[in-house]
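Engineer: below are the sequence and a predicted model; questions follow.
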Amino acid sequence: MPTHLIKRYPNRKLYDTESNHYIHLKEIERLIDEGVAVQVIDVASGHDITAAVLVQVLLAVSRRSVAAVAVAPLLH
């Protein structure tokens, strides 16, 4: 399976080289959910920053989960 290349620019924007547009962490989460392998490269340094970006995705998911759990008792 080919790797989906995403480039992070100095302005911290993430650019999807497959679809040729800027994307957000939520879209990276969707790609991962679909089973797509992703690699994130910092354009300025050339370093692979995939792990750091995946941690950001996990934190965003956990924040939404915690918020949903915190609100759920109020709905009953």
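Structural biologist: Arrived safely. Fair warning: this is a prediction, and the values are worked out from it, not measured in the lab. Residues are numbered from 1 along each chain as shown.
Engineer: in the protein, which spans are helices?
Structural biologist: Applying DSSP state H to the chain gives helices spanning 25-33, 50-75.
Engineer: rank these by pLDDT, which is bottom?
Structural biologist: Lowest mean pLDDT within these: helix 50-75, a mean of 71.
Engineer: my read: residue 50 touches residue 38, true?
Structural biologist: Yes - counting by CB atoms under 8 Å, residue 38 is a contact partner of residue 50 at 6.7 Å. Every residue, glycine included, has its C-beta placed from N, CA and C.
Engineer: residue 24: how many residues sit nearby?
Structural biologist: For residue 24, the neighbour count with other CB atoms under 10 Å is 11.
Engineer: now for residue 32, how many residues are close by?
Structural biologist: For residue 32, using other CB under 10 Å, the count is 16.
Engineer: ugh, typo on my part, it should be residue 40
Structural biologist: Residue 40: 21 neighbours (other CB under 10 Å).
Engineer: cool, residue 7 as well?
Structural biologist: Per other CB under 10 Å, the neighbour tally for residue 7 reads 16.
Engineer: ok, and the closest non-adjacent residue to it?
Structural biologist: residue 15 (4.7 Å; CB to CB, 6 or more residues apart in numbering).
Engineer: next: residue 61.
Structural biologist: That would be residue 29: by CB to CB, 6+ apart, it lies 6.4 Å from residue 61.
Engineer: how far away is residue 61 from residue 20?
Structural biologist: Per CB to CB, to the nearest Å, residue 61 is found 26 Å from residue 20.
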